[in-house]
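Undergrad: Compute the structure for the input listed below.
(chains A and B)
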Amino acid sequence: MNDNLILLPIILQLALALVLLFFWSRTKWQRIGSIVGNAAFLLVSIVLFIKVQKEGILYTQAGNWDAPYGITFVADLFSASMLVITALSGLAVSIFAAGSMSRRRSLFVFFPIYHFLLMGISGSFVAGDLFNLYVWFELIIVASFGLITLGGGRRQLEGALKYVTLNLIASILFLTGIAFLYGLTGTLNMAHIAQKIPQIENEGLITVTALMFFIGLGIKTAVFPMYFWLPASYHTPLSAISAIFGGLLTKVGVYALFRVFSLFFLPDSFTATVITAVAALTLIMGAMGALIQKDVRKLFSWLIVCHIGFMIAGLGIYSSVALAGAIFYLFHDIIVKTNLFMISGLVHKLTGTFKLKKLGGLYTQYPKITFLIAIPLFSLVGIPPLSGFWPKLLLIQGGLEVQEYLIIGAIVLGSFVTLATIAKFWLEVIWKEYPGSDYPKHFIPFSELNWTQKAYYTLPIAILALVSLYFAFGVEFVVNIVNQIAYDLMNPEQYIRVILPDQ
Amino acid sequence: MTTLILRTASVYLMPLLLLFSVFILLRGHYLPGGGFVGGLIASIALVVYGYANGINQIKSFLRFHPGALIPTGVSLSLISGLLPMFAGKPFMTNLWLDGTYPIIGQPGTALIFDTGVYFVVVGTALTIIFSIAEDNEK
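TA: Next comes the predicted model:
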């Protein structure tokens, strides 16, 4: 089914970024434009999602050049649901940024770059061409480099440097992998590659290429042993920016890994072992790192690393139950991690610090806000029936089916350490008596804001908390969707047939 | 770099180079050329003039900040991609007008796209060079 609707989210973001660029000095209009635009983005994504659910896989050939020669854009259920989740957290971050971004910083064209970033992210979800996917990744890096250095503090530049250097190395490896694959198959269209790969006799070279993809995308995804750039850079930018980074950037890598390793690099026993081992080590190392942190945002950054392990574990186990669990975790994780970093921003606005030692007394001072932030925190830990519980259940079930007890152990350990760190966060920030530290200079605390400004801080957190609650109580719908996605991923014939009908 | 020779030459070079850049832009699509190369040549024309007569001369010649060319150019390219969608074709399909015209040949949406690229390249190159030059003056 040829349909231009697939490109509408991308075009919308590009048009939005351009309009905001023209009005770069009108910061008030930028805020409104960004929120309204992202609401439209959410609407378009939902329409696309419903259409894909009804009619199956949609595609469009850019420039009307047929596959495999033209550039194909494909929206299957996986891409469409990723777009909806992206739009949800994108909208929340827009609102949060509208409240927390100072006029001086918005003048550094925050909003246009932010929408270019969202354009890159939505582009990579609908790319049906491997090189096109790489180009979207580059766009994401360039835009995020702009965002992470925004304001240009010394610490930010340091974080940005680590972030960009390692991501560029990852890009080079990814690109080399693409070149190898092109040399082997003579095509870049993903469906066409999937058709050609079984005919290639040199299986050793395919394994090498697969591992190159795994390393390249793995660095972007922050898996063991290439994760150290993430905790070194994610705590430096503004909270609104680290929210979108923590929520979405690494997850784009996870999406690409799922796509690539289900469509054409079907994991043989060697790659599957490597992926499973890496997943287990990511879980353990991330958890160990999170245990000793003393800064709220560093703590959450290490939790990102830890929880990437859950999703990669699903890929390593590679059964339909485990894949469904991993994809469910991916959805849940985007929403919750975005929310966590916004919460860290809110906590900073309440108390003026990110240091666990100086924080405290939130429960006695702000009981309503405490209740609000309890939802995402408990969802993250996965207290039944909240949203973190169901994907882990599926993952463990999938692991039991193929008797991979080691990875189950790592998953359980990861969950317990998450529980321990969130308990520590709860003790230090919520229950401990407020040590009464001073606010930094020129700092306007939350209590002095008027109610619209307060709403800018709390509304986005409430929206995403509601989405998390929906994942928990509407779990039947979500499980149906992820089961369908996992089935599609395990049986890529349908995907190939839609794009290359006459071969 | 304010020698008499360069200053005199730049007065004649700038219009010639600008004209040549438009020629290269229109020549594109089927022959070597196009928006990117054309844009580079146009920015060279302006930079040579700026080198000889001072950056401020170029600024007063342009009357607006070159950075404004970047969103304008991208918008043009986006519009060229959107046009075929109204004709019910996929995004970025090239639409041709019937018949050929003097100077521009057979016009199509590809020409709008290339013009957009031309503006983006000029805008980007001049923005970079202006900010470096301003840094030096400080």
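Undergrad: how about the worst-scoring helix or strand of chain B on mean pLDDT: buried residues?
TA: Ranked by mean pLDDT, DSSP states H and E, the weakest helix or strand in chain B is helix B:55-62, scoring a mean of 83. Under the neighbour-count criterion of 16 or more other CB atoms under 10 Å in any protein chain shown, helix B:55-62 has B:55, B:58, B:62 buried. No exception for glycine: its C-beta is placed from N, CA and C like everyone else's.
Undergrad: Which helix or strand lies directly C-terminal to that helix?
TA: helix B:69-86 (DSSP states H and E).
Undergrad: What distance do you get for the residue of the stretch 401-503 of chain A found nearest chain B to residue A:66?
TA: Residue nearest to chain B within the stretch 401-503 of chain A (CB to the nearest CB): residue A:499, separated by 13.7 Å. To residue A:66, residue A:499 is 10 Å away according to CB to CB, to the nearest Å.
Undergrad: neighbour count winner among those two?
TA: residue A:499 (23 against 11; other CB atoms under 10 Å in any protein chain shown).
Undergrad: need the contact list for the more buried one.
TA: Contacts for residue A:499 (CB atoms under 8 Å, 6 or more residues apart in numbering or on different chains) come out as A:59, A:67, A:72, A:74, A:128, A:189, A:191, A:192.
Undergrad: so the second one, which of the three states?
TA: Put plainly, it is residue A:67. Secondary structure, DSSP: H, G, I helix; E, B strand; the rest coil: residue A:67 is coil.
Undergrad: wait, isn't residue A:13 in contact with residue A:115?
TA: Yes - contact criterion CB atoms under 8 Å: residue A:13 and residue A:115 qualify, at 5.1 Å.
Undergrad: what does chain A put close to chain B?
TA: Counting by CB under 8 Å from any CB of the partner chain, the positions of chain A adjacent to chain B are A:2, A:4, A:7, A:11, A:14-15, A:18, A:21-22, A:60-64.
Undergrad: from these, which ones fall inside strands?
TA: Those of the residues of chain A next to chain B mapping onto strands are A:60, A:61, A:62, per DSSP state E.
Undergrad: ok, so what distance separates the first one from residue A:13?
TA: To residue A:13, residue A:60 is 17 Å away according to CB to CB.
Undergrad: of all the residues in chain B, which ones are close to chain A?
TA: Going by CB under 8 Å from any CB, the residues of chain B near chain A are B:70-71, B:74-75, B:78, B:81-82, B:84-85, B:89-94.
Undergrad: Just among the residues you listed, which is most surrounded?
TA: That'd be residue B:92 among these, by other CB under 10 Å, with 25 neighbours.
Undergrad: Over to that one. Which of the three states is it?
TA: Three-state assignment for residue B:92 (three-state DSSP): coil.
Undergrad: list the contacts for residue A:301?
TA: Residue A:301 makes contacts with A:230, A:231, A:234, A:235, A:246, as judged by CB under 8 Å, 6+ apart.
Undergrad: Pretty sure the third one sits against residue A:304.
TA: Yes - the pair residue A:234 / residue A:304 is scored as a contact, 7.3 Å apart, by CB under 8 Å.
Undergrad: any residues in contact with both of those two?
TA: Common neighbours of residue A:234 and residue A:304 (CB under 8 Å, 6+ apart) are residue A:246.
Undergrad: ok, which stretches of chain A are strands?
TA: So, for chain A - with DSSP E - the strands run A:58-62, A:71-75.
Undergrad: Find out how far stretch A:163-178 is from the centre of the chain, if you would.
TA: With CA atoms, centre = their mean, to the nearest Å as the basis, the distance from the averaged C-alpha position of stretch A:163-178 to the chain average is 18 Å.
Undergrad: What number of residues are in the vicinity of residue 43?
TA: Here I'm looking at chain A. Neighbourhood size, residue A:43 [other CB under 10 Å]: 12.
Undergrad: other chain: chain B
TA: Residue B:43: 24 surrounding residues under other CB under 10 Å.
Undergrad: got any ranges where the chain has weak pLDDT?
TA: All of this refers to chain A. Low-confidence segments of chain A, defined by pLDDT under 70: A:1-2, A:152, A:437, A:503.
Undergrad: sorry, should have said chain B
TA: Judged by pLDDT under 70, chain B has its weakly predicted residues at B:1-2, B:137-138.
Undergrad: if you compare the strands of chain A, which one is most tucked away?
TA: The highest average neighbour count among those, using mean count of other CB atoms under 10 Å in any protein chain shown, belongs to strand A:71-75 at a mean of 25.
Undergrad: Okay, helices next: where are they in chain B?
TA: Secondary structure of chain B by DSSP state H: the helices cover B:4-27, B:35-53, B:55-62, B:69-86, B:109-137.
Undergrad: before we move on, the earlier item: only whichever of the residues of chain A next to chain B are buried, select them in ChimeraX.
TA: Remark: buried members of these, expressed as a ChimeraX selection using 16+ other CB under 10 Å:
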select /A:4,7,11,14,15,18,21,60,61,62,63
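Undergrad: Grab the nearest non-local neighbour of residue B:25.
TA: Spatial nearest neighbour of residue B:25, chain neighbours left out: residue B:38 (3.5 Å); criterion: CB to CB, 6 or more residues apart in numbering or on different chains.
Undergrad: Just list the residues touching that neighbour, thanks.
TA: B:21, B:22, B:24, B:25, B:28, B:114, B:118, B:121.
Undergrad: buried subset of those?
TA: Neighbour counting by 16+ other CB under 10 Å classes B:21, B:22, B:24, B:25, B:28, B:114, B:118, B:121 among the contacts of residue B:38 as buried.
Undergrad: check contacts around the third one.
TA: Contact partners of residue B:24, counting by CB under 8 Å, 6+ apart, are B:33, B:34, B:37, B:38, B:41.
Undergrad: Near the first one, how many other residues are there?
TA: Neighbour count for residue B:33, taken as other CB under 10 Å: 18.
Undergrad: Which residue, other than its chain neighbours, is closest to it?
TA: residue B:27 (3.9 Å).
Undergrad: do the same with the last one
TA: The shortest distance from residue B:41 to any non-neighbouring residue, by CB to CB, 6+ apart, is to residue B:21 (3.9 Å).
Undergrad: so what's the one you found up against?
TA: Counted by CB under 8 Å, 6+ apart, residue B:21 has contacts B:38, B:39, B:40, B:41, B:42, B:45, B:118.
Undergrad: cool, and residue A:47?
TA: residue A:5.
Undergrad: now swap in the one 4 residues further on and tell me
TA: With contact set as CB under 8 Å, 6+ apart, residue A:51 has these partners: A:3, A:5, A:58.
Undergrad: Using the centroid of chain B, identify the residue furthest from it.
TA: Ranking residues of chain B by C-alpha distance from their mean position (CA atoms, centre = their mean) puts residue B:88 at the top, at 30.3 Å.
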